[in-house]
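Peer 1: Pasting the sequence and the predicted coordinates here, then a few questions.
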Amino acid sequence: MTAVSVFGAGSWGTALALLMARNGHSVALWGRQPEHIAKLAAARCNERYLPGFNFPDNLRVLADLAEAVRFAEVLIVAVPSHAFRSFLTNLTPHLSPKSKIAWATKGLELQSGKLLHQVIEDVLGPEIPAAVLSGPSFARDLAANLPTAVTVASRRIGFAKMLAGLLHNNRFRAYTTDDIIGVQLGGATKNVLAIAAGVADGLGFGANSRAALITRGLAEMMRLGLAMGGKPETFMGLAGVGDLILTCTDNQSRNRRFGLGLGKGLPRDQIVAEIGQEIEGIVTTKVIHQLAQNLGIEMPITEQTYKILYENLAPLDAVNNLLLREQKSETLAC
Ligand SMILES: NC(=O)C1=CN([C@@H]2O[C@H](COP(=O)(O)OP(=O)(O)OC[C@H]3O[C@@H](n4cnc5c(N)ncnc54)[C@H](OP(=O)(O)O)[C@@H]3O)[C@@H](O)[C@H]2O)C=CC1
Ligand SMILES: O=C(CO)COP(=O)(O)O
């Protein structure tokens with residue numbers, strides 16, 4: 001039995017806390033709003049973000065950050081990417097020399113374009129053991145104990161294995177790798193492509209378009225990922241094509257639903273309000289588009305998604321822009 005603290009009491013933090021508590025570990029789930037945490041404590045369930053799944057006795061909820069850090073050496077961050085650096089800064093004074101940090105956040109830092117392990121190095125230094133968890137995994141499916149497989153990446157493979165061991169059970173497989181860059185870029189880029197897939201479906205373009213978009217989206221993900229130092233096999237694995245397929249094809253995805261709304265012509269504010277949860281791909285589209293420009297990498301689907309989100313391009317015009325591109329070789333373009 002190991003003590004683990006999970007930070008961020010949204011849908012994903014709650015699902016991960018549930019998983020590890022069900023595995024018999026002693027788990028603390030921290031959230032930033034004392035009123036929200038009081039409701040979780042009273043209901044023994046997260047009615048706001050993950051209704052219908054009761055907390056086991058070995059899952060405690062906390063609103064005190066220092067107490068949550070003291071509770072465990074293994075700390076798992078599940079706050080959105082826009083809050084990542086500020087959250088780490090708040091965490092710093094409470095860490096012990098034995099603290100190990102993992103994150104399940106999918107995204108990059110907007111202002112700097114940095115990967116989140118670089119943000120960890122900036123704020124916590126290079127010595128702290130660090131690992132990322134990613135892959136095709138909707139919070140509700142995990143909470144419902146439906147079979148799920150993910151990837152855990154760390155440059156310290158011993159820590160990756162330890163974390164995978166905390167998560168692993170007969171319904172949840174956690175594979176390990178040292179490709180911390182590829183795993184993060186897969187998880188970030190798929191959210192942009194899920195918005196694009198939603199747009200295509202919202203426009204009523206159907207199954208052929210969706211399959212083409214996923215496949216050419218994977219080519220974009222790989223071009224960027226390889227240029228930034230990720231390994232090809234990572235993009236062909238759970239954290240790459242696995243999560244891309246999941247998020248582009250199932251309406252549990254908030255990024256896909258956001259795109260669906262845009263494709264149907266609904267006002268952006270209305271879609272965001274109706275979803276009522278984090279839509280990481282909105283900010284990530286901006287970051288990935290900037291990275292692609294800086295590195296001179298062709299990412300046409302990302303570019304058109306960027307234009308829809310940030311330059312008011314009509315979704316139909318964005319699709320036409322993609323279809324009207326010059327004819328080219330499929331493999332050379334990758
Ligand atoms: N849901 C899923 O299926 C999966 C999500 N992820 C990733 O997990 C991350 C978290 O998303 P998810 O849980 O789904 O989002 P939700 O919208 O379900 O919850 C977001 C949570 O983050 C909290 N939060 C927001 N800002 C801050 C902050 N500044 N400091 C601390 N906490 C903050 C919110 O708190 P409050 O309620 O107080 O606003 C809320 O608890 C994202 O990067 C997402 O991509 C990864 C895999 C699966
Ligand atoms: O990352 C996820 C599943 O792997 C969740 O996707 P959304 O953030 O689009 O809901």
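Peer 2: Yep, that arrived. Ligands and ions are numbered 1, 2, ... in the order given.

Peer 1: wait, isn't Gly202 in contact with Arg257?
Peer 2: No - between Gly202 and Arg257 there is no contact under C-beta atoms under 8 Å: 9.4 Å. C-beta here means a position set from N, CA and C on the backbone, and glycine is covered the same way.

Peer 1: same for the lowest-mean-pLDDT helix or strand in the chain, what does it pack against?
Peer 2: None of the helices or strands of the chain scores lower by mean pLDDT, DSSP states H and E than helix 315-323, at a mean of 90. Where contact means 3 or more C-beta pairs under 8 Å, 6 or more residues apart in numbering; DSSP states H and E, helix 315-323 is packed against helix 180-202, helix 300-310.

Peer 1: Out of these, flag the one nearest Thr284.
Peer 2: helix 180-202 (5.2 Å; C-beta to C-beta).

Peer 1: tell me the angle that closest one makes with helix 315-323.
Peer 2: 120 degrees (axes from the mean of the first three to the mean of the last three C-alpha atoms, to 10 degrees).

Peer 1: Helix 180-202 and ligand 2 in contact?
Peer 2: Yes - contact between helix 180-202 and ligand 2 is present through Asn191, Ala194 (criterion: C-beta under 6 Å from any ligand atom).

Peer 1: I'd like the distance from that helix to the chain centre, please.
Peer 2: From the chain centre to the centre of helix 180-202 is a distance of 9 Å (C-alpha atoms, centre = their mean, to the nearest Å).

Peer 1: That helix near ligand 1 at all?
Peer 2: No - counting by C-beta under 6 Å from any ligand atom, ligand 1 is not contacted by helix 180-202; separation bottoms out at 6.7 Å.

Peer 1: now the stretch 101-250 of the chain, which segments are flagged as low pLDDT?
Peer 2: Nowhere does the stretch 101-250 of the chain drop to pLDDT under 70.

Peer 1: just the helices in it please.
Peer 2: 116-124, 139-143, 157-167, 180-202, 206-227, 232-235, 243-249 (DSSP state H, counting those that start in this stretch).

Peer 1: hang on, the earlier thing: okay if I get the helices and strands packed on helix 315-323 as CSV plus mean neighbour count?
Peer 2: Shown next, in CSV, are the helices and strands packed on helix 315-323 (neighbours: other C-beta atoms under 10 Å):
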stretch, mean neighbour count
helix 180-202, 29
helix 300-310, 21
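
Peer 1: Write out the residues of the stretch 1-150 of the chain neighbouring ligand 2.
Peer 2: Going by C-beta under 6 Å from any ligand atom, the residues of the stretch 1-150 of the chain near ligand 2 are Lys106, Pro136, Ser137, Phe138.

Peer 1: Recalculate using a threshold of 5 Å.
Peer 2: Residues of the stretch 1-150 of the chain lying close to ligand 2 by C-beta under 5 Å from any ligand atom are Pro136, Ser137.

Peer 1: what does the stretch 151-300 of the chain put close to ligand 2?
Peer 2: Asp243, Thr247, Ser253, Arg254, Asn255.

Peer 1: redo that, cut-off 8 Å
Peer 2: 187, 190-191, 194, 243, 246-247, 252-257, 277-281 (C-beta under 8 Å from any ligand atom).

Peer 1: Buried only: go through the residues you listed for me.
Peer 2: Neighbour-count burial (16 or more other C-beta atoms under 10 Å) applied to these gives 187, 190-191, 194, 243, 246-247, 253-257, 278-281.

Peer 1: which two of these lie the greatest distance from each other?
Peer 2: Gly187 and Arg257 (18.0 Å).

Peer 1: on that earlier part again, what about the least confident helix or strand of the chain, distance to the chain center?
Peer 2: 27 Å.

Peer 1: Same question for stretch 197-210.
Peer 2: 22 Å.

Peer 1: List of residues touching that stretch?
Peer 2: 213-214, 217, 247-249, 253, 255-265, 305, 308, 315-316, 318-319 (C-beta atoms under 8 Å, 6 or more residues apart in numbering).

Peer 1: For that stretch, measure first residue to last.
Peer 2: Terminal residues of stretch 197-210 are spaced 6 Å apart (C-alpha to C-alpha, to the nearest Å).

Peer 1: same deal with stretch 28-38?
Peer 2: End-to-end for stretch 28-38, by C-alpha to C-alpha: 14 Å.

Peer 1: same thing with stretch 117-136?
Peer 2: 20 Å.

Peer 1: That stretch vs ligand 1: in contact?
Peer 2: Yes - using C-beta under 8 Å from any ligand atom, we find that stretch 117-136 touches ligand 1 at Ser134.

Peer 1: What about Asn208, how many residues nearby?
Peer 2: 9 (other C-beta atoms under 10 Å).

Peer 1: Apart from its neighbours in sequence, what residue is nearest the residue nearest to the spatial centre of the chain?
Peer 2: Central residue of the chain (C-alpha atoms, centre = their mean): Lys106, 2.6 Å from the mean position. Nearest non-adjacent residue to Lys106, counting by C-beta to C-beta, 6 or more residues apart in numbering: Gly187, 3.8 Å away.
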